[in-house]
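Chemist: my questions concern the predicted model and sequence given below.
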Amino acid sequence: MTRVGAIDLGTNATRLLIADVADGRVDELVRRTRITRLGEGVDARRRLLPVPVTRVRNVLSEYRRELEQAGAERTLAVATSAVRDAENGEAFLGEIEWSYGFATRLLTGDEEAAMTLRGVGPLEPGTVVVDVGGGSTELITEGFRTSMNIGSVRLTERHGGDWEALTAEIRSHLPELTAKRLLGVDGTTAELAALDAVTLPRLEAVLDWLRTSTDAERRARLLQPDRSDVIAAGVLIVREVLRHLRLDRISPSERDLLDGVALAAAALPEPSEGEAPPGAYTCC
C-alpha cells in the first residue's frame, strides 16, 4: 500500500486527493476543492497571470501541509487546459515542482481524458463520460475520447451572459456520438446533483433560475460559491451534451481524474532532492 497525493491544477479549481493505493485500488482519505481560477485571462492573453498564480500557490501551501500531516509518500500534480494554453505554463510547473516538492505533469487533452477514464474505471457499455472543466470539456468512452476547447471559464470570458452565443459555440464542438448513459465527473455535475437537477427538465429549471437570480442568491445555494459567475456556462454545456446524445439524465460519478492521478502517483519513483528544474521562479 502506498499513501499518495494527487493534485489537479485546473483552469477553475485546484483539487486535492489523498488516498491509499494498493493493487489498482484507490481508497480515498481526503478530497478537497478550492476555486482558484488559474485560467483567468488565459484565453485572451495566453499567459498565466500573477494574481491567479498567487491564489494557486496559497492553496498549494495548505495542501502541502495536509499531505505532510497525512504521511503521503509522494505527490503528483497534473495541469490541464489553462497551463496547456499558457506560454509560461511549463515555467509555472517548474516553479511548483521546485517550491513544493511535487512531481508535475502537463497533460494533453487526450492524456487528460485517458487518465480520467483510468480513474473512473471500466464503463458499462453505452456509457459516455463527460468532464466539464474551466477551459476544456472531455467526452470519453472505452473506445473514443475527445477534448474540446469549451469550458465554463473560457466561455464566460468570451461571451459573458450571451447564452445564445454560448450555446452556439458549444454545439459547434460536439462530435458525432451515441450513448445510453452520461456520467459526469466534474464540479458542474456535482452542483447539479446538489440542486436535485440531474434530469433534463430539472436542469432547465435551474437554468431559468440562473438567468434571473442574483450572484448572492447563487452563492447561497452552490457547493462552491466561487463558481457562481461561471456555473451557467457549465450547466449549458451539460444541457447541450444531453440533447446531443438524446439523453434526459446525467449521473454523477464518485471517481474522476484525481483517482487516475493517484494511480499514476503510486507508480512514481521515490522522491529525491535535486537541482531546480528549468524555469523555476521565472514563470510570472
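Modeler: Alright, I've got the coordinates.

Chemist: residues contacting R158?
Modeler: Residues in contact with R158, defined by CB atoms under 8 Å, 6 or more residues apart in numbering, are 43, 165, 169. For the C-beta atoms, the positions are set from N, CA and C on the backbone; glycine is no exception.

Chemist: now do V153
Modeler: 11-12, 37, 39-40, 43, 82, 134-135, 230, 233.

Chemist: make a markdown table from those residues and add pLDDT and distance to M115 to it.
Modeler: Shown next, in a markdown table, are the contacts of V153 (pLDDT from 0 to 100; distance: CB to CB, whole Å):
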| residue | pLDDT | distance to M115 |
| --- | --- | --- |
| T11 | 97 | 16 |
| N12 | 97 | 18 |
| R37 | 97 | 22 |
| G39 | 97 | 19 |
| E40 | 97 | 24 |
| D43 | 95 | 23 |
| A82 | 96 | 17 |
| G134 | 96 | 17 |
| G135 | 96 | 16 |
| V230 | 97 | 23 |
| A233 | 98 | 24 |
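
Chemist: could you look up the SS state of the closest residue to R171 other than its chain neighbours?
Modeler: Nearest residue to R171 in three dimensions, chain neighbours excluded: E240, at 5.9 Å (CB to CB, 6 or more residues apart in numbering). On the three-state scheme (DSSP: H, G, I helix; E, B strand; the rest coil), E240 is labelled helix.

Chemist: doesn't E169 make contact with E240?
Modeler: No - judged on CB atoms under 8 Å, E240 makes no contact with E169 at a distance of 9.7 Å.

Chemist: all strands of this structure, in order?
Modeler: Applying DSSP state E to the chain gives strands spanning 2-9, 13-22, 25-35, 74-79, 103-106, 127-132, 137-140, 145-148, 181-184, 250-252.
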